[in-house]
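Quick check, what structure comes out for this input:
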Amino acid sequence: MRMVDANHLLAQQVAAHLLSIKAVILSPDKPFTWASGLKSPVYCDNRLTMAYPEVRSLLTTGFLGRIKQHEFSPDVIVGTATAGIPHAAWLSNVMGLPMAYVRSKPKAHGRGNQIEGKLEVGQHAVIVEDLVSTGKSSVAVVEAVQAQNVEVEAVLAIFSYGLPRAKQAFSETDVPLYTLTTFETLLQVARDYGMLNDAAIASLRAWHQDPSAWSDARS
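Modelled structure (predicted):
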């Protein structure tokens, strides 16, 4: 099987699992409100994958496959706090590598660490993220690791909304982002499973094209 076909099959499998366990909910008729105040037809909580051994095993295998596909040679696996931590732990265990994780900001007490674990100058790292929305927090983790004179080979994530803001954020770094599944794959799988009709698909694509306008129209 060609790698591109294997990636597509994996993306479909991951999407099906995320929808099945309700880690991702698509609800264009009853949108959710994000912390930013924007209304969204998509809700994602990949922390739910921790409760399903089959799913987290698939995700770990997927991350490992991406590393092999792109011939990365990390010395350490770095998780993002908090939802990326367990996936980084499972991946580092399979690979027999050290692990660290990065807080959103330094601790306000003790040694004031932002990075927990151990990073050494000259190491190569792969960062594991659960979800990329705007890309801002992921890029902040990249910069925190790079500040330790560690080369970041890539950011691996379970899922990204694929929004323009995230693409712009990553375009301003020299670090690629690879995800196990995509927004478009989620839509295709949801339609194939009879979870969404054509009108719902159209609404979700309209949101994806311009989240602010979609939200304003429903405020």
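
List the buried residues for the one helix or strand residue 19 maps to?
Secondary structure here is read from DSSP states H and E; on that basis residue 19 sits in helix 3-20. When neighbours are counted by 16 or more other C-beta atoms under 10 Å, the buried residues of helix 3-20 are found to be 7, 10, 11, 12, 13, 14, 15, 16, 17, 18, 19. (Glycine included, C-beta is placed from N, CA and C.)

What lies in contact with it?
For helix 3-20, contacts defined as C-beta atoms under 8 Å, 6 or more residues apart in numbering pick out 1, 23-24, 26, 44, 46, 49, 52, 54-55, 58-59, 62, 65, 69, 158-159, 180-182, 185-186, 188-190, 193, 195.

mind showing which ranges of this structure have poor pLDDT?
1-4, 108, 110-112 (pLDDT under 70).

just so I have it, where are all the helices in it?
Under the criterion DSSP state H, the chain contains helices at 3-20, 53-69, 85-95, 136-146, 164-171, 183-192, 198-209, 211-216.

ChimeraX command for the buried members of the contacts of helix 3-20?
In ChimeraX, the members of these classed as buried (16+ other C-beta under 10 Å) are selected with the following command:
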select :23,24,26,44,46,49,55,58,59,62,158,159,180,181,182,185,186,188,189,190
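
Turn the buried residues of helix 3-20 into TSV, columns for distance to residue 219.
Supplementary listing: these in TSV, determined by distance: C-beta to C-beta, whole Å:
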residue	distance to residue 219
7	38
10	37
11	33
12	34
13	36
14	32
15	29
16	32
17	33
18	28
19	27
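
Among those, which pair sits farthest apart?
Greatest spacing in those, by C-beta to C-beta: 7 and 19 (18.6 Å).

Was I right to think residue 160 contacts residue 183?
Yes - judged on C-beta atoms under 8 Å, residue 160 makes contact with residue 183 at a distance of 7.4 Å.

okay, the two: which has more neighbours?
The residue with the greater number of neighbours, taking residue 160 and residue 183 and applying other C-beta atoms under 10 Å, is residue 160; the counts read 24 against 21.

Skipping adjacent residues, who's closest to that one in space?
With sequence-adjacent residues excluded and distances taken as C-beta to C-beta, 6 or more residues apart in numbering, residue 160 is closest to residue 132, at 3.9 Å.

ok, now residue 72?
Excluding its sequence neighbours, the residue lying closest to residue 72 (C-beta to C-beta, 6+ apart) is residue 153, at 4.5 Å.

now swap in residue 102 and tell me
Nearest to residue 102 is residue 141, by C-beta to C-beta, 6+ apart, at 4.6 Å.

wait, isn't the one you found in contact with residue 100?
No - counting by C-beta under 8 Å, residue 141 sits too far from residue 100 to count as a contact (10.6 Å).

hey, what's in contact with both of these two?
Residues touching both residue 141 and residue 100 comprise residue 78, with contact defined as C-beta under 8 Å, 6+ apart.
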